[in-house]
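K.L.:
Need coordinates for the following:
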Amino acid sequence: MKIYETQKRTPELLETLLKIWESSVRTTHLFLSEAEISKIREYVPTALNAVEHLVVAENDFGKLFAFMGTENERLEMLFLSPSERGKGLGKKLLEYGIENYAIKELTVNEQNPQAVGFYEHMGFETYKRTDFDEEGNPYPLLYMKLG
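P.N.:
Residues are numbered from 1 along each chain as shown. Coordinates of the predicted model:
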């Protein structure tokens, strides 16, 4: 496995990451409707292009199966192919981000308990909660800092 920051954000790369994002969201964000997933999907490429550091993970055959975005010592996104969950990859990616980009904070959907538990296991603690996400949708967010 190889983890690295990608410099070139080609249309092909963005399409691959969008597929990873969508399969991950469909597995973990069970509170989202089909319409909501479709709506969010529209602005994922913009977010992927805008984030300062885009880090990808690929297997020994060069196939991408996970990514994270980080900016200003914050984890902005972390998504894994469902087939890679539970194998320690999320931990490796987050540790890479902490070591290389000084990640100290993140925001997570409260309705994604597996992610909340993962971040708590990794040493993050909730310091703030909102009833709505940044777009004003009724999805509570937890703001977490590395303890």
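
K.L.:
Just confirm Arg74 contacts Glu105, I think it does.
P.N.:
Yes: Arg74 sits in contact with Glu105 when judged by CB atoms under 8 Å, with a separation of 4.7 Å. (Glycine included, C-beta is placed from N, CA and C.)

K.L.:
the more surrounded of the two?
P.N.:
Neighbours per residue (other CB atoms under 10 Å) separate Arg74 from Glu105, with Arg74 holding more: 19 against 15.

K.L.:
give me phi/psi at that one?
P.N.:
phi -120, psi 140 (degrees, to the nearest 10).

K.L.:
what do you get for Lys63?
P.N.:
phi -90, psi 130.

K.L.:
Any figure for the gap between it and Asn100?
P.N.:
According to CB to CB, to the nearest Å, Lys63 and Asn100 sit 22 Å apart.

K.L.:
His41 contacts Glu22, doesn't it?
P.N.:
His isn't right for residue 41; it's Arg. Yes: using CB under 8 Å, Arg41 is in contact with Glu22, at 6.2 Å.

K.L.:
These two: which is more packed in?
P.N.:
Taking neighbours as other CB under 10 Å, Arg41 and Glu22 compare with Glu22 leading, 16 against 13.

K.L.:
mind listing the helices for this protein?
P.N.:
11-28, 34-50, 89-101, 113-121 (DSSP state H).

K.L.:
of all the ones you listed, which lies closest to Tyr139?
P.N.:
Tyr139 lies closest to helix 34-50 among the helices of the chain, at 9.0 Å (CB to CB).

K.L.:
any idea of the angle that closest one forms with helix 11-28?
P.N.:
Helix 34-50 and helix 11-28 are oriented at 140 degrees to each other (axes from the mean of the first three to the mean of the last three CA atoms, to 10 degrees).

K.L.:
Show me which residues of helix 34-50 are buried.
P.N.:
40, 44-45, 48 (16 or more other CB atoms under 10 Å).

K.L.:
which ones are touching the residue sitting furthest away from the middle of the chain?
P.N.:
No residue in the chain sits farther from the centre than Phe61, which is 22.7 Å out by CA atoms, centre = their mean. Applying CB atoms under 8 Å, 6 or more residues apart in numbering, we find Phe61 in contact with no residue.

K.L.:
returning to what we had before: what would the buried residues of helix 34-50 look like in TSV with pLDDT and distance to Met1?
P.N.:
As requested, the buried residues of helix 34-50 are exported to TSV (pLDDT from 0 to 100; distance: CB to CB, whole Å):
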residue	pLDDT	distance to Met1
Ile40	91	28
Val44	95	24
Pro45	95	25
Leu48	97	21
